[in-house]
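Peer 1: Using only what follows, build the 3D model:
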Amino acid sequence: MEHVAQVPRMAYETKQLVESIPDEDPYVYLAHFGEVEETTKRTIHLHNPIQWALDAMSQTGWHSLAACARLLHRKAQELMPEPDRMADLVDTFRDLIEEVRQADDLDEGTKDFVLKHLVAVLRRLEDVRFFGVQAVVSAADEMAGAVIRRPDVGSRVFASKVWPRVRAGLLALDLLLNLSANAIATAAVVAEDQPPQPPAVIVTIIRELTSSPHGN
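Peer 2: Coordinates of the predicted model:
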């Protein structure tokens, strides 16, 4: 049931991705995407037959969906991580979320703040086959921005017993994003023997947390 409820969100995020692609007119692809969105909204009504949901889609809607799929495949310049690696990282973040929920040295407000962003990253990881690694980067970017805006929360997280696990999870995420980004590195970078560079958003999160007054 949880995954069914996520279907409308996936349609919404697909639309956002298409609208964010530079040098493309989104109207060409999204003129009839409303039919897709209506269909996905209907899918959460499990008591109705599937045909009722599909009735919202005409030929124009199917054409819009196919056009968006072709565009996103054409524009995706990334190599998907290995399924086993992805599964391990998903498990890591699920465990981390549970540990934050159970933490006895974090107040409820801090927990809510951290959980909101960890859950967002987890959802992008679970949906990576649909939206790619860039969606994971965006979720991490949002988390980095939130940490910068709330240094008081970062300070409490760093002082918590759960911080080592949070840091380990972020570093594991860093490794995933690193491998995906460097899988398409240019030959010039390889020739210069440059080490892989971690995504700036992960570096930002860890730097902001560790620069709290409780740090060394």
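Peer 1: Buried residues in the longest helix seen in the chain, which are they?
Peer 2: As assigned by DSSP state H, the longest helix anywhere in the chain is helix 128-149. For helix 128-149, the neighbour count (16 or more other CB atoms under 10 Å) marks 128, 131-144, 146-147 as buried. Using the backbone N, CA and C atoms, a C-beta is placed for each residue, glycine as well.
Peer 1: what angle sits between the helix or strand just after it and helix 128-149?
Peer 2: Next in sequence after helix 128-149, counting helices and strands by DSSP states H and E, comes helix 151-159. Note on geometry: by axes from the mean of the first three to the mean of the last three CA atoms, to 10 degrees, helix 151-159 and helix 128-149 are set 110 degrees apart in direction.
Peer 1: How about helix 151-159, which residues are buried there?
Peer 2: 153-158.
Peer 1: elements contacting that helix?
Peer 2: helix 108-126, helix 200-210 (3 or more CB pairs under 8 Å, 6 or more residues apart in numbering; DSSP states H and E).
Peer 1: looking at the ones you listed, which has the lowest confidence?
Peer 2: Within the helices and strands packed on helix 151-159, the stretch with the lowest mean pLDDT is helix 200-210, showing a mean of 57.
Peer 1: which secondary structure elements does the longest helix of the chain contact?
Peer 2: Using 3+ CB pairs under 8 Å, 6+ apart, helix 128-149 sits against helix 7-20, helix 108-126, helix 163-182, helix 200-210.
Peer 1: and the second one, C-alpha only, in CSV?
Peer 2: Output of helix 108-126 as CSV, limited to C-alpha atoms (Å, rounded to 0.1, in the frame of the first residue of the first chain):
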residue,chain,number,x,y,z
GLU,A,108,11.7,15.5,19.3
GLY,A,109,12.2,18.6,17.2
THR,A,110,15.7,17.6,16.2
LYS,A,111,14.6,14.1,15.5
ASP,A,112,11.8,15.4,13.2
PHE,A,113,14.3,17.6,11.4
VAL,A,114,16.8,14.8,10.8
LEU,A,115,14.2,12.2,9.9
LYS,A,116,12.5,14.5,7.4
HIS,A,117,15.7,14.7,5.3
LEU,A,118,16.8,11.1,5.9
VAL,A,119,13.5,9.8,4.7
ALA,A,120,13.6,12.1,1.6
VAL,A,121,17.1,10.6,0.7
LEU,A,122,15.8,7.1,1.3
ARG,A,123,12.8,7.6,-1.0
ARG,A,124,15.1,8.8,-3.8
LEU,A,125,17.4,5.8,-3.2
GLU,A,126,14.4,3.5,-3.5
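Peer 1: For it, give me every contacting residue.
Peer 2: 6, 86, 89-90, 93-94, 96-97, 100-101, 103, 106, 131, 135-136, 138-140, 142-143, 146, 150, 153, 156-157, 166, 169, 173 (CB atoms under 8 Å, 6 or more residues apart in numbering).
Peer 1: what about A53, distance to A11?
Peer 2: 12 Å (CB to CB, to the nearest Å).
Peer 1: ok, for E24, nearest residue in space, not its chain neighbours?
Peer 2: In space, and not counting its chain neighbours, E24 is closest to L71: 6.8 Å by CB to CB, 6 or more residues apart in numbering.
Peer 1: which other residues reach the helix or strand hosting that neighbour?
Peer 2: Using DSSP H and E, L71 maps to helix 59-75. In this structure, residues lying in contact with helix 59-75 by CB under 8 Å, 6+ apart are 14-15, 17-18, 21, 24, 28-36, 39, 57, 132.
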